[in-house]
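In: Below: sequence and its predicted model.
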Amino acid sequence: MSQTTTLATLRQPETSPAIAVGFDTVAGFEALQRMAKMFAKSPITPDQFRKPYVNEKGQAKGCGTEDEAVGNCTIAMDMAIRMRANPLMVMQNIYVVHGRPAWSAQFLIATLNQCGRFTSIRYEFQGGEGKDEWGCRAVATELATGEKLTGPLITIGLAKKEGWYGKNGSKWQSMPELMLRYRAASWFVRAYAPEIAMGLKTAEEVQDTYDLEPAEDGTYRVSVQEMKEEAQDRDTPSKRSRPTNAEMEARRKEAADAWLATGNPLEDVEKLVNAYTRNWTTAQCEKAKQLAAEAMRNGAQQDAPEVPAQPEAQPAPAANMITCPKTETQVSDWTCSDCEQRAGCPAWAE
């Protein structure tokens, strides 16, 4: 028996199925990308998630390319979905240290306090302030069992042994109490709720520690690449030893615009610096700007007031034409000047 379909039912608009944003379906992934593009264009999004832009001071900021910004936003949004957190809040609390994402310590503490599994984190200090024995541990109570959970003890002596305390620019010397709290809280989260951190360390931990890589013989080793990056950061006076992709793109555009202002095609300067514009280095950008300045100066000299042209030479007067009595043709006095009979020529006598 078929079900009767009324006209009102046919007129009802068809409802679209709900799409779960994420990597699980094609539609969900497309929706995630659209949202990521929106965040990449927002001025309140942190620079590591924004597409390239130039600030009010003329400095290039943001990611190297727009695709890079969209990719970063997509990853951050996926993490926010899994954590059931606000995407912008996640972006504002993720830092990239040595090429690795890391949480801010405040974010981990706030996330643990709001997860509903524990009471708010409290801190217990021991030892005398300013001594190596001075330390802190994070404590909280598990709500389901009422058990008091105690985190690892972090002391100034431990910070010195691990090399955190003596690092160049370390906050352990300027604000030791705050660093003790942050490190105690992050280790508590790693011990009792690692799913909150999603496998990421805090920014302070990434700056202070190295990962031990297990070897086949059961020993552990430190990544040489991490140590090289740390040494480069320590020996470099500035925060960034090399310009970012966005900064290089801005420099290339500035140099190219300077050359185009001369009215010459871009291919000419590419031949002079022996590289395409998209591959210019900092030195080649400077060379292109120098060539543009020289071209502008040469152009100014060419545009200087011209010297008045000399008057054209007057044409020579026409030669006298006469009738040669011998040939009976019209000849000029130039033609018959060498004639042997010219002295007695009756035409000349006239």
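Out: In hand now; what should we look at? Numbering: from 1, shown residues only.

In: how far does the longest helix seen in the chain sit from the chain's center?
Out: Secondary structure of the chain per DSSP state H: the longest helix is helix 282-302. The chain centroid and the centroid of helix 282-302 are separated by 27 Å, computed with CA atoms, centre = their mean, to the nearest Å.

In: What lies in contact with that helix?
Out: The contact list for helix 282-302 (CB atoms under 8 Å, 6 or more residues apart in numbering) reads 243, 248, 251-252, 254-256, 258-259, 261-264, 269, 272-273, 275, 280. For glycine as for every other residue, the C-beta is placed from the backbone atoms N, C-alpha and C.

In: ditto for stretch 38-52
Out: 60-66, 69-70, 72-73, 76-77, 87-88, 91-92, 94-96, 245-246, 249-250.

In: Report the buried members of those.
Out: Buried members of the contacts of stretch 38-52, scored by 16 or more other CB atoms under 10 Å, are 60-64, 69-70, 72-73, 76-77, 87-88, 91-92, 94-95, 246, 249-250.

In: which residues of the stretch 1-150 of the chain fall in strands?
Out: 53-54, 60-61, 94-97, 100-103, 122-126, 135-141, 148-150 (DSSP state E, counting those that start in this stretch).

In: contacting residues around the fifth one?
Out: Residues external to strand 122-126 that are found in contact with it (CB under 8 Å, 6+ apart): 133-140, 153, 180-181, 184-185.

In: just the buried members of these?
Out: If we count by 16+ other CB under 10 Å, those have these buried: 134-140, 153, 180-181, 184-185.

In: now, which of the residues you listed sits nearest residue 26?
Out: residue 185 (39.9 Å; CB to CB).

In: and the closest one, that's in a strand?
Out: No: counting by DSSP: H, G, I helix; E, B strand; the rest coil, residue 185 is located in no strand; its state is helix.

In: And it, how close does it get to residue 245?
Out: Distance from residue 185 to residue 245, counting by CB to CB, to the nearest Å: 35 Å.

In: Excluding chain neighbours, what is closest to the residue nearest the centre of the chain?
Out: Residue closest to the mean C-alpha point of the chain, counted by CA atoms, centre = their mean, is residue 64 at 2.5 Å. Leaving aside its sequence neighbours, residue 64 sits nearest to residue 245 (CB to CB, 6 or more residues apart in numbering; 2.5 Å).

In: Surely that neighbour touches residue 63?
Out: Yes: the criterion here is CB atoms under 8 Å, and residue 245 meets it with residue 63 at 7.4 Å.

In: Give the residue spans of the stretch 1-150 of the chain that score low on pLDDT.
Out: 1-18 (pLDDT under 70).

In: ok, which stretches of it are helices?
Out: Under the criterion DSSP state H, counting those that start in this stretch, the stretch 1-150 of the chain carries helices at the ranges 7-11, 26-41, 66-83, 87-92, 105-114.
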